[in-house]
Each structure stands twice: as C-alpha cells, then as structure tokens.
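Undergrad: Predicted model follows, preceded by the sequence.
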Amino acid sequence: MKLEWKDDLDLDMIAESGQCFRWQKTGQEGEYRIPFRRELLYIRRIDDTHFDLSCKERQFERTWRSYFDLGRCYRDIRSMVCEEEDPVLYRAQQLGAGIRVLGQDPWEMLITFIISQRKNIPAIRLAVEKLARAAGDPLEGRNGEIVWSFPTAEQIAGMSEQALAEVKLGYREKYVRKAAEDAAAGRICLEEMEQMDLESCGKALREIYGVGRKVADCVALFGLHQLDAFPRDVWINRGLAEDYGGEENFPYDRYHPYNGIMQQYLFEYFRNRPRETGSFH
DNA sequence: GCCCAGGGATCTT
DNA sequence: AAGATCCATGGG
C-alpha cells in the first residue's frame, strides 16, 4: 500500500537510533525489512510525503500504524523546545527531526535490553540475531528469504543449556534464562505492566533479575510506550555532564510527558558529535 | 554509597 | 597485537 505521511518519519534515523536492533536494509534504495511479532514489513520512502509499505491497508491499521506511533505529531512535540531556553536540545531536535519512538514488543524489548548491557550497538544486533535464529520460528519474507521471529518466553525457557550457551551472552545468560522462566510461569507479566503508570511499571521492571534503572527505562520507553521514561546510558550521562552540568540539571518538568522523546534526540546528538580523543591537550 | 567481576564483540591505538 | 570500551547490574 501507499501511505501519505507529512509528519516526522525518517527510516534511516530510526534504524540508527538505538531503539530497534533487527531492522535490515534490503539493498533496494532506502528500503528496510522490519520483523515485528510474527509479521514482516518492507517499507521505503517514495517522495517527501509518501511511503511504500508491503502490507495491505487493513494490516497497516491493525499493526503498523501503532508500531510507528503515527497517532502522534512529533513536529508539535519538537516545538516544545525553546532555542533560547535550551540551545542544546534545540539543536538536537533540529538534527534529529524524523525520529519517532516505535511501539515495539515488550518481551522483545526486555530481553534485548538485558542483552544490551555493556555492549555496543553492533554487538547487540549480533546477539539478538543469534538468539532469534537459535530459538525463534522461521518467517518467510519476500523472495523466499527467511527471517527468524523473536523467540517467546516459552521458546527461550525451553532452550537447552548448550543451545543458550552458544548464543554467547556471557554473564547476561542467567538473566535471560530466569526472565524467560519467570515470564513463561506467569511470574513476570508484561501485559499487566502495560496498564500501569511509569512509576509502577518502572518499579515492577526493576524487580526482574538483571534489570536495573537503565534497562527498566528502555523497556518502559520502547516496549511499554511510556514516553516520559528517560534512559541514562553512557552517552546521555556524558552529554548531560558536559552540556547541562550533570543529569540532575536537565529540565525534565519542562518536557513532561515526553522526556523519552527528548532523550532520543539527545542520544543521537551526543553520540554523533565529534568526541575529544584526549590525544592532545 | 562505593567497588568490582563478568564475557564477548568492536573500536582505538 | 593489545588495550579500551561498550545504551549496566548484582553482590560484596
């Protein structure tokens, strides 16, 4: 189907934004292949105001409209930032215009961000892909290509010790194993967390073994669509220290309830700007 | 609150 | 080739 869309939606920026790790470029101009639950979408921009999607209208309405958070105007949210008041974020949102916070699967986000600790983005991609191949189901894409679905809690819990060890998750393996067992047994219920406010679901998430403040905020933001969650990773902490004199000085109240969207602009900005190498003083 | 191990891939030198 | 770092956390 053809989608007319005039608000922010830059596929390359989203793919690089560190919220999704399984988008793949297909080789066709600007096109991405996106696995979500048991579906696959091929999407590319046609022109300034149009996109081509491999799904039918009905499937778009049922699944992909919310996946891309198309019920919200990101230009309006960006316009909350005042150039004089907050020049750093103002610049960040200018450069990051096109980013959206996706509505991804909570379980996939939980496991992905448990895996993400002390890894860089290419390494996270590799580990998630290995896990999907080891325990997911094959989905048939275009031209008969196979993409592996993200494994369910039951599928991960059912993996042999050897099979899980081959994914080479290191010390995170025990976290992933326990989360899968607890979710399969109903001791972790992400569906319940979808009904909670940020404080409650943040607390519930941090009770999961291997989930601290950072991972909880990522799952809340990217998996439970809590747009006020503000994950602090090394890039954000470094940037807030340099430009705001510390993370405590960021004007969170000013951007409530969209601090998580602002975090995405800052993450992109801090991560892509040139770094001091320390090789000369 | 502070400190450090834990594993492997990637980035830097 | 080797060392540092990586979207952190749990436990001491």
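TA: Nice, thanks for sending it over.

Undergrad: okay, the closest residue to DNA strand B within the stretch 51-200 of chain A: pLDDT?
TA: Scanning the stretch 51-200 of chain A for the residue nearest DNA strand B gives residue A:170, at 2.4 Å (criterion: C-beta to the nearest atom of the strand). In this view, the C-beta of every residue, glycine as well, is placed from N, C-alpha and C. pLDDT, residue A:170: 94.

Undergrad: I'd like to know how many residues surround it.
TA: 12 (other C-beta atoms under 10 Å).

Undergrad: Same question for the one 3 residues further on.
TA: For residue A:173, the count of nearby residues is 17 (other C-beta under 10 Å).

Undergrad: Show the average pLDDT along stretch A:179-186.
TA: The pLDDT scores in stretch A:179-186 average 96.

Undergrad: same deal with stretch A:84-104?
TA: When pLDDT is averaged along stretch A:84-104, the result is 97.

Undergrad: Please state the offset of the longest strand seen in chain A from the chain centre?
TA: Longest strand in chain A by number of residues, with DSSP state E as the criterion: strand A:39-47. Taking C-alpha atoms, centre = their mean, to the nearest Å, one finds strand A:39-47 lying 18 Å from the centre of the chain it belongs to.

Undergrad: List the buried residues for it?
TA: By neighbour count on 16 or more other C-beta atoms under 10 Å, the buried set for strand A:39-47 is A:39-45.

Undergrad: Contacts only, for the closest residue to residue A:193 other than its chain neighbours.
TA: Spatial nearest neighbour of residue A:193, excluding adjacent residues (C-beta to C-beta, 6 or more residues apart in numbering): residue A:201 at 4.2 Å. By C-beta atoms under 8 Å, 6 or more residues apart in numbering, the residues touching residue A:201 are A:193-194, A:220, A:224, A:226.

Undergrad: hmm, which of these are the buried ones?
TA: Neighbour counting with 16+ other C-beta under 10 Å marks A:193, A:220, A:224, A:226 as buried within those.

Undergrad: With pLDDT and secondary structure added, can I get these in a markdown table?
TA: Compiled in a markdown table, the buried ones among the contacts of residue A:201 are given as follows (pLDDT from 0 to 100; DSSP: H, G, I helix; E, B strand; the rest coil):
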| residue | pLDDT | secondary structure |
| --- | --- | --- |
| A:193 | 96 | helix |
| A:220 | 97 | helix |
| A:224 | 97 | coil |
| A:226 | 97 | coil |
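
Undergrad: now, among those, which is nearest to DNA strand C?
TA: residue A:220 (11.2 Å).

Undergrad: from what I can see that closest one touches residue A:214, true?
TA: No: the criterion here is C-beta atoms under 8 Å, and residue A:220 misses it with residue A:214 at 10.8 Å.

Undergrad: so the residue nearest to residue A:193 is in which element?
TA: Counting by DSSP states H and E, the element that carries residue A:201 is helix A:198-206.

Undergrad: quick one: average pLDDT of that helix?
TA: Average pLDDT, helix A:198-206: 95.

Undergrad: Same question for stretch A:3-14.
TA: 97.

Undergrad: Tell me how far that stretch lies from the chain's centre.
TA: The answer for stretch A:3-14 is 16 Å, by C-alpha atoms, centre = their mean.

Undergrad: Quick one: end-to-end distance for that stretch.
TA: Start to finish, the residues bounding stretch A:3-14 are 18 Å apart (C-alpha to C-alpha, to the nearest Å).

Undergrad: same check, this time on stretch A:240-254
TA: 16 Å.

Undergrad: Also stretch A:253-263?
TA: OK, stretch A:253-263 end separation, C-alpha to C-alpha: 13 Å.

Undergrad: Quick check: next helix or strand after the longest strand of chain A?
TA: Past strand A:39-47, the next helix or strand by DSSP H and E is strand A:50-53.
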